[in-house]
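Engineer: Predicted model follows, preceded by the sequence.
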Amino acid sequence: MNTRVMLLMSSLLASGTALRVQPRSGSRIAPLQRPVPPSASTAASGKDDQLGEVAMGMGVLLAMNAVAPQTALAAEAWVKPVSVVLGPAVNIAILMFLMRTVLSWYPNKNLNKLPWNIVAWPTEPVLSATRKVVPPAFGVDISPIVWIFILSFINETLLGPQGLFTIMLSK
């Protein structure tokens, strides 16, 4: 499991927000009670109670790390090769859809001749399916732009500075 995910889980457990249950009015269920602190003098300040919750959250975090560290390493072994292949593939696809957008400005070009077919043939099946869902707006085919947005979103979500793969690799 990712370290940041485990820290988030432990902080939720430590703050009690993940465990707090509010009963409905007229319900027979009693609200979740906090444990009594060991000394009454420190309970007045509330620091001991907070430290106990933080220690409980950290204990859960340590227990999660102790369960299977090999499993966590094995699960993240696939991230680097996938990101190395996926990054250039998504960028090439974005470039092809961008070229396809520019080619749509010149309707007289034959897309079945070189060099235009290098861009047209791989993108046409995807664009034809997208045109059925997103029709041209005001006579302009916006389906390549839709795919540029989708691929850019995927690129940023997975491979960007705050992407999932980047966070998993920064561990």
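Structural biologist: Alright, I've got the coordinates.
Engineer: got a list of what Asn91 touches?
Structural biologist: By C-beta atoms under 8 Å, 6 or more residues apart in numbering, the residues touching Asn91 are Asn155. To be clear about C-beta, it is placed using only N, CA and C from the backbone, and glycine gets the same treatment.
Engineer: Buried residues, stretch 110-130. List them.
Structural biologist: Using 16 or more other C-beta atoms under 10 Å as the test for burial, stretch 110-130 gives 111, 116, 119-120, 123, 126-127, 130.
Engineer: Stretch 146-153 too?
Structural biologist: By neighbour count on 16+ other C-beta under 10 Å, the buried set for stretch 146-153 is 146-148, 151.
Engineer: count of neighbours near Pro135?
Structural biologist: 10 (other C-beta atoms under 10 Å).
Engineer: For it, pull up the helix or strand it's in.
Structural biologist: Using DSSP states H and E, Pro135 sits in no helix or strand.
Engineer: What's the per-residue pLDDT of it here?
Structural biologist: Note on Pro135: pLDDT of 88.
Engineer: same thing with Pro107?
Structural biologist: What the model reports for Pro107 is a pLDDT of 85.
Engineer: Leaving aside the residues adjacent along the chain, what's closest to Ile148?
Structural biologist: Distance criterion C-beta to C-beta, 6 or more residues apart in numbering; nearest residue to Ile148, sequence neighbours excluded, is Phe97 at 5.0 Å.
Engineer: Tell me the secondary structure at the one you found.
Structural biologist: In three-state terms, and counting by DSSP: H, G, I helix; E, B strand; the rest coil, Phe97 is helix.
Engineer: That one and Phe138, how far apart?
Structural biologist: Phe97 is 20 Å from Phe138, where distance means C-beta to C-beta, to the nearest Å.
Engineer: More neighbours: which of the two?
Structural biologist: Comparing Phe97 with Phe138 by other C-beta under 10 Å, the one with more neighbours is Phe97, at 24 against 5.
Engineer: which ones are touching that one?
Structural biologist: Contacts of Phe97 (C-beta under 8 Å, 6+ apart): 123, 144-145, 147-148, 151.
Engineer: Then Val134?
Structural biologist: 142-143, 146.
Engineer: if you set the cut-off to 10 Å instead, what comes out?
Structural biologist: By C-beta atoms under 10 Å, 6 or more residues apart in numbering, the residues touching Val134 are 127, 141-143, 145-147.
Engineer: where's the dip in pLDDT among these?
Structural biologist: Ranked by pLDDT, the contacts of Val134 bottom out at Asp141 (88).
Engineer: give me phi/psi at the residue nearest to it when sequence neighbours are not counted?
Structural biologist: Sequence neighbours aside, Ser104 is the residue nearest to Asp141 in space, at 5.3 Å (criterion: C-beta to C-beta, 6+ apart). Ser104 adopts backbone torsions of phi -70, psi -20, taken as degrees, to the nearest 10.
Engineer: Okay then, goodbye and thanks.
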